[in-house]
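In: sequence-free structure coming up:
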């Protein structure tokens, strides 16, 4: 999208932004240009060859707004005039993030075995597992379950079987596309896990994390499913310790036993993955990733930390790749497939918020936006549907009547009623509740905990809707206020993936005196059934395409 300064009339371009903004011409010309862009916007009604889903874990609207300001301030500007790359996308929707419930008898906040209160009702704020199942698999589910319908019960292995639901990533692979996962968490984490795993617990990372009864009932851990379920071409993130036998030294931290492998079954899943794939490569540091040549591999696994990858502000740039670097490597490998690709990219904004450290969280959001911008340079909106969303939001806010240009991490201009200064960023709850006498740590420190209203060990998710931004083929399907599971359906429809692979093209007649049938219906839909939104364009062999089809009705 155009920069706001490109919308300025010529006579104002020599003025500084603050001076230009004082003139009505600045606002009128800018608004007129935006109107022209809106009026010229036409639906891109063709099949999406590629799909990239960017998911900011915990990236609510307040986080996006604060990240926009932080991005501008990192560039030396006041911040408010900045624009995120994702904000230039022309189509937008809101997604409702509530889940089916917890599933079974559980304690709503802790889910500990001794709790007996029934909590199987819808939850206004859910977690990354249930939301991942929604936006990737197309159904809402119980909290803390992965790739399972709402009939599955959290922690109950036997409820897994028969309740599995497949992700858009899995369906894309079945359609012959290449698929990939990039995350700054462990690759077995809830968000990426929903793309390939079916698990009654998001915490079953390895067999060592599973109860005996689950193993006896035949359930598999998430790391095992990563290797043996869907044939994933590119896997980049953290999570080494769940892939190797117990006591296996970590290649990066061989002297630290806490980073050793954890598997009790003795399996080396990395070795199994390598032996099963032709042209497969495994790397565990940035040097190894950089050495991978795009045309030399068909499958790439890179695991850069034993658990989650480090915050961007703490990242060792010589040993660990950034999310931008991982994503670029993934795209360069995946795009060689003439049938296209599906790529899931996640940045763990969430962990910074949970710890009450806003600077860590906002830097992650800025990095996700840089990845969005770079993806736009590596792909074309003519054949690539790019979607940016979040799984849920956080009780994160900023305000305090601070002046324009004030550091997003700075203090509000006036003190509170207790005569103490406070930061413009605040949390509704979390570990930043306590206030101590004496000197306060500098608010600009990366690990500074912003103040919270309610004392909790960790800050919580919030229940408001999250934004969905889209550009490319069929991006206009993202509109209005939708349930979160709609995201998966819109992506599948855009790329002609199941269950929308047999969509028919039917164009109605333009004469008012004939009875016409049309819309864009699924094969086998009742003649009296509803139509799908947007043009139908998926035409596999054996289906009928009707252009200007009509049935004349003769009266009397």
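Out: Noted; the coordinates are in hand. Small disclaimer: the values here were computed from a predicted structure and weren't measured.
In: so where is this protein shaky, pLDDT-wise?
Out: 1-17, 102-125, 434-441, 503-556 (pLDDT under 70).
In: So which residues of it form helices?
Out: Using DSSP state H, the helices of the chain run over 17-20, 24-40, 61-74, 128-137, 168-174, 190-193, 212-216, 222-228, 269-276, 286-291, 323-334, 349-354, 358-378, 486-494.
In: Now render those as JSON lines, adding distance to residue 450 and mean neighbour count.
Out: Placement of C-beta: from N, CA and C, glycine included. Shown next, in JSON lines, are the helices of the chain (distance: least, C-beta to C-beta, whole Å; neighbours: other C-beta atoms under 10 Å):
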{"stretch": "helix 17-20", "distance to residue 450": "28", "mean neighbour count": "14"}
{"stretch": "helix 24-40", "distance to residue 450": "33", "mean neighbour count": "12"}
{"stretch": "helix 61-74", "distance to residue 450": "11", "mean neighbour count": "21"}
{"stretch": "helix 128-137", "distance to residue 450": "22", "mean neighbour count": "30"}
{"stretch": "helix 168-174", "distance to residue 450": "35", "mean neighbour count": "23"}
{"stretch": "helix 190-193", "distance to residue 450": "24", "mean neighbour count": "29"}
{"stretch": "helix 212-216", "distance to residue 450": "39", "mean neighbour count": "13"}
{"stretch": "helix 222-228", "distance to residue 450": "33", "mean neighbour count": "23"}
{"stretch": "helix 269-276", "distance to residue 450": "39", "mean neighbour count": "16"}
{"stretch": "helix 286-291", "distance to residue 450": "31", "mean neighbour count": "15"}
{"stretch": "helix 323-334", "distance to residue 450": "24", "mean neighbour count": "23"}
{"stretch": "helix 349-354", "distance to residue 450": "10", "mean neighbour count": "26"}
{"stretch": "helix 358-378", "distance to residue 450": "5", "mean neighbour count": "23"}
{"stretch": "helix 486-494", "distance to residue 450": "30", "mean neighbour count": "25"}
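In: Quick one: closest of the ones you listed to residue 466.
Out: Residue 466 lies closest to helix 61-74 among the helices of the chain, at 7.3 Å (C-beta to C-beta).
In: contacts for the closest one?
Out: 56, 59, 78-84, 86-87, 349, 353, 358, 361-363, 365-366, 369, 390, 393-394, 396-398, 407-408, 425, 464, 466-467 (C-beta atoms under 8 Å, 6 or more residues apart in numbering).
In: show me what contacts the nearest residue to residue 262 once chain neighbours are set aside?
Out: Closest residue to residue 262 apart from its sequence neighbours, by C-beta to C-beta, 6 or more residues apart in numbering: residue 208 at 4.6 Å. By C-beta under 8 Å, 6+ apart, the residues touching residue 208 are 246, 262-264.
In: from the residues you listed, which would you call buried?
Out: Neighbour-count burial (16 or more other C-beta atoms under 10 Å) applied to these gives 262-263.
In: which one of the contacts of residue 208 is nearest residue 126?
Out: residue 262 (27.4 Å).
In: thinking again about what came up before, can you say which of the helices of the chain is nearest to residue 236?
Out: helix 323-334 (4.3 Å).
In: That closest one versus helix 358-378: what angle between them?
Out: Orientation of helix 323-334 against helix 358-378 (axes from the mean of the first three to the mean of the last three C-alpha atoms, to 10 degrees) gives an angle of 30 degrees.
In: and helix 323-334, what does it pack onto?
Out: strand 178-186, strand 234-238, helix 286-291, strand 299-303, strand 341-347, helix 358-378 (3 or more C-beta pairs under 8 Å, 6 or more residues apart in numbering; DSSP states H and E).
In: Output those in TSV, with distance to residue 276 appended to each entry.
Out: Formatted as TSV, these follow (distance: least, C-beta to C-beta, whole Å):
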stretch	distance to residue 276
strand 178-186	16
strand 234-238	13
helix 286-291	20
strand 299-303	9
strand 341-347	20
helix 358-378	29
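In: follow-up on the earlier one: which of the contacts of residue 208 sit farthest apart?
Out: Counting by C-beta to C-beta, the most remote pair of the contacts of residue 208 is 262 and 264, 7.7 Å apart.
In: Quickly list what's touching both of those two.
Out: In contact with both residue 262 and residue 264: 206, 208, 246, using C-beta under 8 Å, 6+ apart.
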